[in-house]
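Peer 1: sequence? don't have it. structure:
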């Protein structure tokens, strides 16, 4: 049975909660203990809301459940109060009896002691109706007056009687709850980024040295030398622009036909990129090198990082997002949308995503900001200009070596093409796939960390429970998952690791999670390899004839260290 869930695993959690509740009630009944199933479910809901880890319990979790969660969210009458600690005792007892409390939980004896210690706090909180939330307050009032909450007519009649003053409620408590409810602003869920395996220094140096854009920026900066004259509009002189284009072998099709430097798009982009990266600047109408940037030209990694950070500020010089005087297609500049792209790519952990996901994310962000659907207001011309600018941005990132571009094969697959069309909201979606390269992953992580975002590295989960690691690793690249599991095994003695893994294998059902656990077991040395082979044989012998995925059940003797 699965005990760890992410914020989006709502259906999976709901199914497991129902199964687990039945198991706990039956377990308690066999011991002569009467347990209210709904209170067991409420305790599981509390843990799911905290961290999604049903097998991870500490004294603080117990104290918060009794003093805050139950009084605030569960409608309880005077006669129901004693059933709450009974339900918690049964939950902890069941998990302990089956060895399902994870390795970071407090001992079961301490958890039972905390239930007893916090029971008075439960009664004190229930005595003050101001501790309820708004829904619980009304549910308690209806229970007290015998109103069937499933009957809309009875509920409506009850509310009418309250409004008319025919039924007594604590109006002072209600006013305080309503005031608190109006002041409470739900905190947005914190993003849970996957751990990454960044390149080492040698790999970073090799990637920076092979960057085409970096070579061009370095060559352009050195070409500027002591200074180059600019026109009144801030452009390079046409003769200079042609000379540098010839020296760098750029703008092949535009070089001979250009009438101004702006007609050489590759050189124009390069100049603005170098300015944004603070490699060159304008002084008294001349383009000159930034003196403090000169040493940077011989430090590839630092130069590459500065060039990467500068891309977000190049803005309209990619092609012009200022469409007919409007701020941009969706009311969002390309520079403002750039972090959205980087976050989506980093979240994918190096796997390719359709560029249409980025377009959709921008539209959804603007729609949420405006409070209505605004992306339909743009015409086809505006749509195409926006997409042209995004394409230019991606080309610059690829030129730098931060991303890898490819074309999805879904153009030949009708079913996948339909999904892409639905995502794009148009009949001609962009088939481009984009993925961060290793140096791109490193650079985006540096930016996230500087902004205070927790972006974990491989090895940071080494102190966690094995199930938590397997669930987190199920959606990441295989090499990252294997590196994380290897770090987890190395953080503890081999027999301790194999013991915890075997306990987990006794109940794991998801085939991906099982395979990850078996990989971790294979890294436990000789005991792990032996137990891994016996676990596979055990799983094969128990496989149902119907072809359904077998559940690995291992002899408890194998789990002993």
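Peer 2: Noted; the coordinates are in hand. Small disclaimer: the values here were computed from a predicted structure and weren't measured.
Peer 1: ok, residues contacting the helix or strand hosting residue 343?
Peer 2: Using DSSP states H and E, residue 343 sits within helix 334-347. Helix 334-347 has contacts (CB atoms under 8 Å, 6 or more residues apart in numbering) with 191, 193-194, 196, 311-316, 318, 321, 328, 353, 357-358, 361-362, 365, 389-390, 393, 403, 434-436, 440-441, 444-445, 447-448, 455. Bear in mind the C-beta positions are built from the backbone N, C-alpha and C, glycine included.
Peer 1: Among the residues you listed, which ones are in helices?
Peer 2: 357-358, 361-362, 365, 389-390, 393, 440-441, 444-445, 447-448 (DSSP state H).
Peer 1: Show me just the buried residues among those residues.
Peer 2: Among these, the ones that count as buried by 16 or more other CB atoms under 10 Å are 357-358, 362, 365, 389-390, 393, 440-441, 444-445, 447-448.
Peer 1: looking at this protein, which residue lies furthest from center?
Peer 2: In the chain, counting by CA atoms, centre = their mean, residue 166 sits farthest out from the average C-alpha position, at 50.8 Å.
Peer 1: Can you report phi and psi for that one?
Peer 2: phi -80, psi -20 (degrees, to the nearest 10).
Peer 1: what's the answer for residue 283, then?
Peer 2: Backbone torsions of residue 283, given as degrees, to the nearest 10, read phi -130, psi 120.
Peer 1: Which residue comes closest to it once chain neighbours are left out?
Peer 2: residue 227 (7.5 Å; CB to CB, 6 or more residues apart in numbering).
Peer 1: how close does the residue nearest to residue 77 when sequence neighbours are not counted get to residue 37?
Peer 2: Spatial nearest neighbour of residue 77, chain neighbours left out: residue 143 (5.6 Å); criterion: CB to CB, 6+ apart. Distance of residue 143 to residue 37, computed by CB to CB, to the nearest Å: 17 Å.
Peer 1: Repeat that for residue 363.
Peer 2: According to CB to CB, residue 363 and residue 37 sit 44 Å apart.
Peer 1: who has more neighbours, those two?
Peer 2: It is residue 363, of residue 363 and residue 37, that has more neighbours when counted by other CB atoms under 10 Å, with 20 against 14.
Peer 1: Strands of the protein, residue ranges please.
Peer 2: Using DSSP state E, the strands of the chain run over residues 228-229, 280-283, 286-289, 353-354, 403-407, 432-436.
Peer 1: Go through the fifth one and flag the buried ones.
Peer 2: What it means is strand 403-407. The neighbour-count check on strand 403-407 (16+ other CB under 10 Å) flags residue 403 as buried.
Peer 1: which other helices and strands contact it?
Peer 2: Packed against strand 403-407 by the contact rule (3 or more CB pairs under 8 Å, 6 or more residues apart in numbering; DSSP states H and E) you find helix 380-400, strand 432-436.
Peer 1: still on that earlier bit, out of the strands of the chain, nearest to residue 51?
Peer 2: With respect to residue 51, and counting by CB to CB, the nearest of these is strand 353-354 at 27.4 Å.
Peer 1: now that closest one: mean pLDDT?
Peer 2: The average pLDDT for strand 353-354 rounds to 92.
Peer 1: Note down every partner strand of it and its orientation.
Peer 2: When sheet partners are counted by DSSP bridges, strand 353-354 sits next to strand 432-436 (antiparallel).
Peer 1: How far away from the center of its chain is the strand it pairs with?
Peer 2: Strand 432-436 has its C-alpha centroid displaced from the chain centroid by 18 Å (CA atoms, centre = their mean, to the nearest Å).
Peer 1: cool, and stretch 419-434?
Peer 2: 23 Å.
Peer 1: likewise stretch 160-169?
Peer 2: Here stretch 160-169 shows a centroid-to-chain-centroid distance of 47 Å under the convention CA atoms, centre = their mean.
Peer 1: circling back to that earlier point, now that we have the strands of the chain, can you turn them into TSV and tack on distance to residue 486?
Peer 2: Supplementary listing: the strands of the chain in TSV, determined by distance: least, CB to CB, whole Å:
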stretch	distance to residue 486
strand 228-229	54
strand 280-283	46
strand 286-289	47
strand 353-354	27
strand 403-407	26
strand 432-436	23
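Peer 1: Nearest approach to residue 75 belongs to which of those strands?
Peer 2: strand 353-354 (44.3 Å).
Peer 1: circling back to that earlier point, could you give me the buried positions within the helix holding residue 343?
Peer 2: Residues of helix 334-347 classed as buried: 334, 335, 336, 337, 338, 340, 341, 342, 343, 344, 345, 346 (neighbour count, 16+ other CB under 10 Å).
Peer 1: nearest residue to residue 513 other than its sequence neighbours?
Peer 2: Closest to residue 513 by CB to CB, 6+ apart is residue 470, at 4.5 Å.
Peer 1: ditto for residue 234
Peer 2: Counting by CB to CB, 6+ apart, residue 282 is the residue found nearest to residue 234 once chain neighbours are left out, at 6.8 Å.
Peer 1: how about that neighbour, what does it touch?
Peer 2: With CB under 8 Å, 6+ apart, residue 282 has these contacts: 230, 234, 275, 288.
Peer 1: Let's see the distance spanning stretch 178-191 from one end to the other.
Peer 2: End-to-end distance of stretch 178-191 (CA to CA, to the nearest Å): 30 Å.
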